[in-house]
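Novice: just coords:
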């Protein structure tokens, strides 16, 4: 085979590789920027800008927020610096092997003098999947998710969570299945606060969150 033919073939392969790299980059960019109308990202997929918490437990890995606990004595939270009132939050979560306990705080606040958070929690974990819990405030399950959730839940894989809060009305969905439809009877309960993700006290666990986006409601 002549040198000119070899060079031509090598040139073709180089062009093909460049094209594939550009196509993959464009696809990744399109996936990263594609959002439902009105939604904005609250996690940039690269670092924890706009968030605060114990960075020995929280990190960014492959575009995900990862809570990696070796076993801790009290619940710990990674929280937004911004507060939200009426909103719809959408995200994906995965609990390693479906074991452990986590959750997503909303309309919450930091407990002064500690790393605790108090407020509503969209719960994650065995016996609590899809529940509405009142973390560190009333300290009880406000609404238990229905048993039918088991038909929609992927305990050791990625699931979607939708949290919608408007006025006194809170709706939770996992994988588009409604687990909670709640009206708050106490007018003194805060209707604005931070959003936070949790690693629960107890044994080792790993929880991951990705594609966090929010639409603030008028």
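Specialist: That came in fine, so what should we check first? This one's a predicted model, so the numbers in the text were calculated from it and none came from an experiment.
Novice: the longest strand belonging to the chain pairs with which strands, and in what direction?
Specialist: Longest strand in the chain, counting residues (DSSP state E): strand 205-216. For strand 205-216, the pairing partners within the sheet under DSSP bridges are strand 40-41 (antiparallel), strand 64-69 (antiparallel), strand 87-95 (antiparallel).
Novice: mind putting the ones you listed into TSV with distance to residue 152, mean pLDDT and mean neighbour count?
Specialist: C-betas here are computed from N, CA, C, even on glycine. Listed next are those as TSV, based on distance: least, Cβ to Cβ, whole Å; pLDDT from 0 to 100; neighbours: other Cβ atoms under 10 Å:
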stretch	distance to residue 152	mean pLDDT	mean neighbour count
strand 40-41	25	98	12
strand 64-69	22	97	20
strand 87-95	14	98	20
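Novice: output those as a markdown table; include the columns distance to residue 146.
Specialist: Output for the strands paired with strand 205-216, formatted as a markdown table (distance: least, Cβ to Cβ, whole Å):
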| stretch | distance to residue 146 |
| --- | --- |
| strand 40-41 | 31 |
| strand 64-69 | 27 |
| strand 87-95 | 19 |
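Novice: neighbours of residue 169, how many?
Specialist: 12 (other Cβ atoms under 10 Å).
Novice: partner residues bridging it?
Specialist: residue 166, residue 183.
Novice: quick check: it vs residue 65, distance?
Specialist: 27 Å (Cβ to Cβ, to the nearest Å).
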